[in-house]
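Participant: Quick check, what structure comes out for this input:
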Amino acid sequence: MGSWLNIMLMCGLLLVSLQRNNGFHLPRSTSDKDEMLERKKLQDIIHSLQNHYNTLDTQWVGKTIFASHLDQLNSRTRASCTCQTVLLEGMLKIYEEIFTDMRNKSEKKDVKTSLENVMTNVTKLRSNYSEERKVWRELQEIHSIKVKNGTIQKGALNEFLMVFDLAN
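Facilitator: Okay, here's the model as predicted:
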């Protein structure tokens, strides 16, 4: 049962990878040929590293670190999500935390009421940034990855070409 699931996951990752790369294409120019040669060289290097670290076994199928985030990159709603809007959402989140702490520390009722009013406005603004909030959470998850963990490192090695192709 487990090996069948692993095979299905591997097929799914392969399909996702092919869809993201828009499939294989023949070189159209010298720069395309150079790009393909560089990609092949990188693929060979990754494959030799996978052999060295024994990450080609079925036990490594499905052990990825970024695959769950890759689908988010092609989302249509993310097209309107820019660096500026992600930063604004992050700032609004921090303001919300600051004003909450100020309200909790305040002993004056009128100050608490004023801060609650400000927080209501911040909350309303943040509701306009739901996609950015998702991106912000994903960024926090990505930054919390334990990069010195051997299992994480081997999983990263196995999925790197997929991420490379998307970033390239």
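Participant: Quickly list the domain ranges of this structure.
Facilitator: By the assignment in automatic domain parsing, the chain contains the domains 1-19+39-65+149-168, 78-144.
Participant: What mean pLDDT does the longest one get?
Facilitator: Taken as a whole, domain 78-144 has a mean pLDDT of 88.
Participant: again with the shortest one
Facilitator: Domain 1-19+39-65+149-168 carries an average pLDDT of 72.
Participant: Next, format the domains of the chain as CSV and append distance to Asp32.
Facilitator: C-beta here means a position set from N, CA and C on the backbone, and glycine is covered the same way. Listed next are those as CSV, based on distance: least, C-beta to C-beta, whole Å:
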stretch, distance to Asp32
domain 1-19+39-65+149-168, 10
domain 78-144, 26
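Participant: so can I have TSV of these showing mean neighbour count and distance to Ser31?
Facilitator: As requested, the domains of the chain are exported to TSV (neighbours: other C-beta atoms under 10 Å; distance: least, C-beta to C-beta, whole Å):
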stretch	mean neighbour count	distance to Ser31
domain 1-19+39-65+149-168	14	12
domain 78-144	14	27
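Participant: Format the CA atom coordinates belonging to whichever strand or helix holds Met102 as CSV.
Facilitator: If you go by DSSP states H and E, Met102 is part of helix 83-105. What follows is helix 83-105, C-alpha atoms only, in CSV (Å, rounded to 0.1, in the frame of the first residue of the first chain):
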residue,chain,number,x,y,z
CYS,A,83,5.7,42.6,-3.0
GLN,A,84,4.2,46.0,-1.9
THR,A,85,0.9,44.4,-0.8
VAL,A,86,2.6,41.6,1.1
LEU,A,87,4.7,44.2,2.9
LEU,A,88,1.6,46.2,3.7
GLU,A,89,-0.2,43.2,5.1
GLY,A,90,2.9,42.4,7.2
MET,A,91,2.9,46.0,8.5
LEU,A,92,-0.8,45.9,9.3
LYS,A,93,-0.3,42.6,11.3
ILE,A,94,2.5,44.3,13.3
TYR,A,95,0.3,47.3,14.0
GLU,A,96,-2.4,45.0,15.2
GLU,A,97,0.0,43.4,17.6
ILE,A,98,1.4,46.7,18.8
PHE,A,99,-2.0,48.3,19.4
THR,A,100,-3.3,45.1,21.1
ASP,A,101,-0.3,45.2,23.5
MET,A,102,-0.8,49.0,24.1
ARG,A,103,-4.5,48.4,24.8
ASN,A,104,-3.7,45.6,27.2
LYS,A,105,-1.2,47.7,29.1
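Participant: helices or strands next to it in the packing?
Facilitator: When contacts are defined as 3 or more C-beta pairs under 8 Å, 6 or more residues apart in numbering; DSSP states H and E, helix 83-105 sits against helix 109-126, helix 130-143.
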